[in-house]
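J.: what shape does this take:
(one chain, ligands or ions: 1)
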Amino acid sequence: MKKLLVYLKDYKKECVLAPLFKMLEASFELFVPLVVAAIIDQGIGLSDQGYITKMVAVLVLLALIGLICSVTAQYFSAKAAVGFGTKLRHSLFEHLLGLSFTEVDTIGTSTMITRMTSDVNQAQNGVNMVLRLFLRSPFVVFGAMIMAFTIDVKSAMLFVGAIILLSFVVFGIMLLNIPMLKSVQQKLDGVLGSTRENLAGVRVIRAFCKEEEEVEAFAIKNEGLTKIQQKAGRISALMNPFTYVIINVAIVLLIWTGAIQVDHGVLSQGEVVALYNYMSQILVELIKLASLIITINKSVACGNRISEVFDIQSSMEEGLERIFGQATKAPVVEFKNVSLTYEGAGEASLTGIDFSVQRGQTIGIIGGTGSGKTSLIHMIPRFYDATSGEVLINGKNVKAYASDILRDKIGIVMQKAVLFKGDIESNIKWGKKDATHEELEAAIEIAQGSDVVASKGGLKGQIDQAGKNLSGGQRQRMSIARALVKKPEILILDDSTSALDFATDAKLRKAIKELEGSPTVFIVSQRASSIQYADQIIVLDDGKMVGKGTHTELLVNCEVYNEIYYSQFKREEA
Ligand SMILES: Nc1ncnc2c1ncn2[C@@H]1O[C@H](COP(=O)(O)OP(=O)(O)OP(=O)(O)O)[C@@H](O)[C@H]1O
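T.: Predicted structure coming up:
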């Protein structure tokens, strides 16, 4: 949590002024009981109307100055807290985007969202409360006790006893409560995760009539959260009754001993009322202090959760090479005995992958589901690093390249076509932000997407969140256009034509083959027809490369390829 305080460094002035004005307000508040005592003893006691009016005016003035101080403090603390929250959120977002896929997989999306939203808000709230109350409340408690001592030492001893007892209750309850605060946020992660998954998969849930089961599963998680919140709430709820009992007993004792002292002429009535007011001030401030401490603990728990994310560093060390090295004679892409085991996964997803690709070649990658096709191509733009072996691009290990250079030269169309809310143009310009109208049109045409754009009213046609208003095939073609617009040297299509009909798929492959600059193209597909004309086909089976060669070669020497091919084409057709 301490590390997060750097986000307050631009608000040093506010961090000093907010508590200062709060203390000023508190100082004026501490004078009020003395003025009231004077009104009682001198004004009412001596029936001095003029004195009472004067003193009431003093009370109004104290209240006004207090109000101004309080509003000023509020302004500075809010400014610092909101600024802190904004910078923290921004920095956390930047950090999360900088993490590699491995860390993103490990942390999990729902907890990232809770940390970015609820945890940051809680930390911001903590900063605001601390700036306003952290000095003010102890100041009033000790100030009121000292004022009580100036009035009557014997009565003030009662204050000391009451404060010690109250502190035990307040801090005891707080200690019980703290461990629960982290659990509350964890349970919140669970509820959020479930909500997120259900909203994302709502169509599947309906298609399988799983609404009731999902509602039940959600109810269990929600109940878990409710239970821990109730438990924490019950413990906090003990605070008020306990503190009020102690304070009221102290007040009864104070009035009782005060009355005796008044009888003996040691204390005036006004002084007893002042002592009573100080006792009330202490009660109010201790309760505020307790809730402040709970807020601080919540904020620290949330702050620590945020710090945990900041502590996670990308397991991928950034390379320094900024030249892609097209001029080299080395193969464009080369896998040397590559294996990949995902973090936390027991078994390797890929083992012993060995092949090389020459510039301008088209490589087909085929294999059953889960055979490792996506894992293989994800190592080219360095979404994941090989656990052993080497992936080389233009003769250099991918790890040597700066990731922005690497990903600028590689165009990848993911298996799941993801588009963003906005118009078609802004989506395709993700590939090249300064793309001209002609470049956009050309990329769309190669991607066989001209009819999609026309049906949406042109490049300014709107795309809904996640491209919901497009069909699967339309989304795929827009994603392909997005990858093509940057004219990549290596183009990777990860099963990204699966929703296209055979004729469109064939036209697309033909257009890609004729691309200027002859990029090297990787086509991942389950369809033999999509890859059969590739210069080289890699056949995967259960994470191993079981075949490598052209279609004709593989038909002769690769059993798995034969199985796949003849399961899609009858022998006579083939
Ligand atoms: N992020 C990940 N974390 C852990 N394991 C993963 C991850 N991604 C894939 N795997 C595992 O790696 C193996 C290969 O998965 P991959 O997605 O590469 O297969 P694929 O051939 O592309 O499958 P499909 O054709 O179904 O898309 C699978 O067993 C899968 O469970």
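
J.: quick one, domains of the protein?
T.: 11-311, 359-372+405-568 (automatic domain parsing).

J.: which ones are touching residue 427?
T.: Each residue near residue 427 by C-beta atoms under 8 Å, 6 or more residues apart in numbering is listed here: 419-420, 463, 478, 482. Where you see a C-beta, it was placed from the backbone N, CA and C, and this is true even at glycine.

J.: does the residue most central in space within the chain belong to a helix, a strand or coil?
T.: Against the mean C-alpha coordinate of the chain, by C-alpha atoms, centre = their mean, the closest residue is residue 116 at 2.7 Å. Classification of residue 116 using DSSP: H, G, I helix; E, B strand; the rest coil returns helix.

J.: I figured it hits residue 90, correct?
T.: No. The criterion here is C-beta atoms under 8 Å, and residue 116 misses it with residue 90 at 10.2 Å.

J.: and the stretch 1-150 of the chain, which residues reach the ligand?
T.: Residues of the stretch 1-150 of the chain found near the ligand (C-beta under 6 Å from any ligand atom) are residue 105.

J.: do you know how far the closest residue to the ligand within the stretch 101-250 of the chain is from residue 315?
T.: Per C-beta to the nearest ligand atom, residue 105 is where the stretch 101-250 of the chain lies closest to the ligand, at 4.7 Å. Distance, residue 105 to residue 315, by C-beta to C-beta, to the nearest Å: 11 Å.

J.: could you do residue 270 as well?
T.: 71 Å.

J.: re earlier: send me the helix or strand harbouring the residue of the stretch 101-250 of the chain closest to the ligand as CSV with only the CA atoms.
T.: Assigned by DSSP states H and E, residue 105 belongs to helix 101-107. This file holds the C-alpha atoms of helix 101-107, laid out as CSV (Å, rounded to 0.1, in the frame of the first residue of the first chain):
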residue,chain,number,x,y,z
PHE,A,101,-0.7,-13.3,-21.7
THR,A,102,0.8,-15.7,-19.1
GLU,A,103,0.2,-13.2,-16.2
VAL,A,104,-3.2,-12.2,-17.6
ASP,A,105,-4.2,-15.9,-17.6
THR,A,106,-2.9,-16.3,-14.0
ILE,A,107,-4.5,-13.2,-12.5
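
J.: who does that helix touch, helix- and strand-wise?
T.: Judged by 3 or more C-beta pairs under 8 Å, 6 or more residues apart in numbering; DSSP states H and E, helix 101-107 has no packing partners among the helices and strands.

J.: not counting residues beside it along the chain, what's closest to residue 149?
T.: residue 156 (4.2 Å; C-beta to C-beta, 6 or more residues apart in numbering).

J.: where does the one you found land on pLDDT?
T.: Here the pLDDT value assigned to residue 156 is 84.

J.: so where's the stretch 101-250 of the chain shaky on pLDDT?
T.: Low-confidence regions of the stretch 101-250 of the chain, defined here as pLDDT under 70, do not occur.

J.: residue boundaries of the helices in it?
T.: 101-107, 109-114, 120-133, 136-151, 153-200, 202-207, 211-237, 239-263 (DSSP state H, counting those that start in this stretch).

J.: deepest in the core, which of those is it.
T.: helix 120-133 (a mean of 23; mean count of other C-beta atoms under 10 Å).

J.: now do that one against helix 136-151, angle only.
T.: Helix 120-133 runs at 20 degrees relative to helix 136-151, counting by axes from the mean of the first three to the mean of the last three C-alpha atoms, to 10 degrees.

J.: what's helix 120-133 packed up against?
T.: Contacts defined by 3+ C-beta pairs under 8 Å, 6+ apart place helix 120-133 against helix 12-38, helix 49-98, helix 269-311.

J.: who's in contact with that helix?
T.: The contact list for helix 120-133 (C-beta under 8 Å, 6+ apart) reads 1, 4, 8, 14-15, 18-19, 22, 73-74, 76-78, 80-82, 84-85, 88-89, 92, 288-289, 292, 295-296, 298-300, 302-303, 306.

J.: run a quick neighbour tally on residue 152.
T.: 20 (other C-beta atoms under 10 Å).

J.: the nearest residue in space to it that is not next to it in sequence: neighbour count?
T.: Nearest residue to residue 152, sequence neighbours excluded (C-beta to C-beta, 6+ apart): residue 267, at 5.8 Å. By the measure other C-beta under 10 Å, the count of residues near residue 267 is 22.

J.: can I get stretch 266-281 in CSV, CA atoms only?
T.: Extracted in CSV, the C-alpha atoms of stretch 266-281 (Å, rounded to 0.1, in the frame of the first residue of the first chain):
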residue,chain,number,x,y,z
VAL,A,266,-16.1,23.6,43.8
LEU,A,267,-17.7,23.7,40.3
SER,A,268,-20.2,25.9,38.6
GLN,A,269,-23.3,24.6,36.7
GLY,A,270,-21.8,26.0,33.5
GLU,A,271,-18.6,24.0,34.1
VAL,A,272,-20.5,20.8,34.6
VAL,A,273,-22.4,21.4,31.3
ALA,A,274,-19.0,22.1,29.6
LEU,A,275,-17.6,18.8,30.9
TYR,A,276,-20.7,17.0,29.7
ASN,A,277,-20.2,18.6,26.2
TYR,A,278,-16.6,17.6,26.1
MET,A,279,-17.6,14.0,27.0
SER,A,280,-20.1,14.1,24.1
GLN,A,281,-17.5,15.4,21.7
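
J.: and it, how far from the chain's centre?
T.: 52 Å (C-alpha atoms, centre = their mean, to the nearest Å).

J.: buried residues in that stretch?
T.: Residues 267-268, 270-279, 281 are the ones in stretch 266-281 that count as buried (16 or more other C-beta atoms under 10 Å).

J.: next one: stretch 300-318
T.: If you call a residue buried by 16+ other C-beta under 10 Å, then stretch 300-318 has these buried ones: 300-307, 309, 316.

J.: near the ligand, list only the ones from these.
T.: Answer for those near the ligand: none qualify (C-beta under 6 Å from any ligand atom).

J.: now, which of those sits nearest residue 428?
T.: Nearest to residue 428 among the buried residues of stretch 300-318, counting by C-beta to C-beta, is residue 316 at 27.9 Å.

J.: residue contacts, residue 82?
T.: Applying C-beta under 8 Å, 6+ apart, we find residue 82 in contact with residue 124.
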